[in-house]
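J.: This is the structure alone, sequence omitted:
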């Protein structure tokens, strides 16, 4: 079972699959320009070992250099069996997909990162038949983002950096920058990163600071969302009332369009047109 910080690391990459293309240069990884990233199911098939299913697998398409797979693991301590697991899983993915496969290990402490970054060889015979060289992200090579403009430019990277540095002396400044960067972004982006940051900090005292910072922001966003929902509902009701009063026949597809519209400005536009339009089609004619 994944710990909360490990689950957060995986889910940030799954929430923003393009994140690796921005992380790679920070880690000194030479990767061709990535033009498309897709999250793959972790359980490749029923023969895949259970240990191979608790990770993140990305399919990355590069500009003119073909595709490759990236396996992302999270590790918070030494574990004698993990290197053999990695050495099994990378060739397994390579064989299943017939694509080059790389391994990235996320470690939130430097001692574990140094251990995880050692090459994994198949045995004492020299040269070994197989050697795996993982990439490792750690607090040493993935910097903590404390600058507001940097956090605004890449909130997902700022969230990942906070999760990777939960006990850093400047974690408070980083969380302030991250919370401010999420203040004015769409809820579709803000809410997942808010929750994933909370999940990543759940085992650390910094979670209290994060809760204190986000509470008023979440309250304000909730009030604003409720206000917009009230306006939307009122405009929808007014539009249907005007159409009924004017005797305009409302086809079922137009009724569904009005009923499911969540944009108050579109409803306002249709409402103004409904006063003088000679037909329902004229109201929706863009």
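T.: It's in. The shown structure was predicted, so the numbers you read here are calculated from the model rather than taken from an experiment. Numbers count the residues shown, from 1 in each chain.

J.: separation between the closest residue in space to residue 129 that isn't next to it in sequence and residue 213?
T.: What sits nearest to residue 129 in space, not counting adjacent residues and going by C-beta to C-beta, 6 or more residues apart in numbering, is residue 122, at 5.0 Å. Using the backbone N, CA and C atoms, a C-beta is placed for each residue, glycine as well. As for residue 122, its distance to residue 213 is 48 Å (criterion: C-beta to C-beta, to the nearest Å).

J.: Could you do residue 27 as well?
T.: In terms of C-beta to C-beta, residue 27 sits 28 Å off from residue 213.

J.: Compare the two (neighbour count), which wins?
T.: Taking other C-beta atoms under 10 Å, residue 27 and residue 213 do not tie; residue 213 has more neighbours (20 against 15).

J.: for that one, what are its contacts?
T.: 175-176, 179 (C-beta atoms under 8 Å, 6 or more residues apart in numbering).

J.: Now with 6 Å, please.
T.: Counting by C-beta atoms under 6 Å, 6 or more residues apart in numbering, residue 213 touches 175, 179.

J.: Moving C-terminal from the helix or strand encompassing it, which element do we reach first?
T.: Element membership for residue 213, per DSSP states H and E: helix 206-246. The helix or strand immediately downstream of helix 206-246 is helix 252-259, counting by DSSP H and E.

J.: that older thread, would you mind checking the average pLDDT for the helix holding residue 213?
T.: Computed over helix 206-246, the mean pLDDT rounds to 87.

J.: any idea of the angle it forms with helix 252-259?
T.: 140 degrees (axes from the mean of the first three to the mean of the last three C-alpha atoms, to 10 degrees).

J.: what's around residue 36, how many residues?
T.: When counting by other C-beta under 10 Å, one arrives at 13 neighbours for residue 36.

J.: Looks to me like it is in a strand.
T.: Yes - assessed by DSSP: H, G, I helix; E, B strand; the rest coil, residue 36 belongs to a strand.

J.: who's in contact with it?
T.: Shown in contact with residue 36 (C-beta under 6 Å, 6+ apart): residue 61.

J.: Look up how far residue 18 lies from it.
T.: Residue 36 sits 9 Å away from residue 18, going by C-beta to C-beta.

J.: quick one: residue 201 from residue 154, how far?
T.: For residue 201, the distance to residue 154 - C-beta to C-beta - is 19 Å.

J.: try residue 88
T.: For residue 88 relative to residue 154 (C-beta to C-beta), the value is 34 Å.

J.: can you check residue 135 too?
T.: 19 Å.

J.: These two - which one has more neighbours?
T.: Higher neighbour count among residue 135 and residue 154: residue 135, with 20 against 17, using other C-beta under 10 Å.

J.: Angles on the backbone of that one, please.
T.: Dihedral pair for residue 135: phi -90, psi 150, per degrees, to the nearest 10.

J.: who does it bridge with?
T.: Following DSSP bridges, residue 135 is listed with bridge partners residue 104.

J.: Low-confidence stretches in the stretch 101-250 of the chain?
T.: Under the criterion pLDDT under 70, no range of the stretch 101-250 of the chain is flagged.

J.: need the helices for the stretch 1-150 of the chain, in chain order.
T.: Applying DSSP state H, counting those that start in this stretch to the stretch 1-150 of the chain gives helices spanning 4-15, 19-27, 82-97, 110-116, 148-153.

J.: What is the third one packed up against?
T.: Right, helix 82-97. Counting contacts by 3 or more C-beta pairs under 6 Å, 6 or more residues apart in numbering; DSSP states H and E, helix 82-97 packs against strand 101-106.

J.: same deal with the first one?
T.: In this structure, helix 4-15 makes packing contacts with strand 56-62, strand 67-74, helix 155-164, helix 187-200, judged by 3+ C-beta pairs under 6 Å, 6+ apart.
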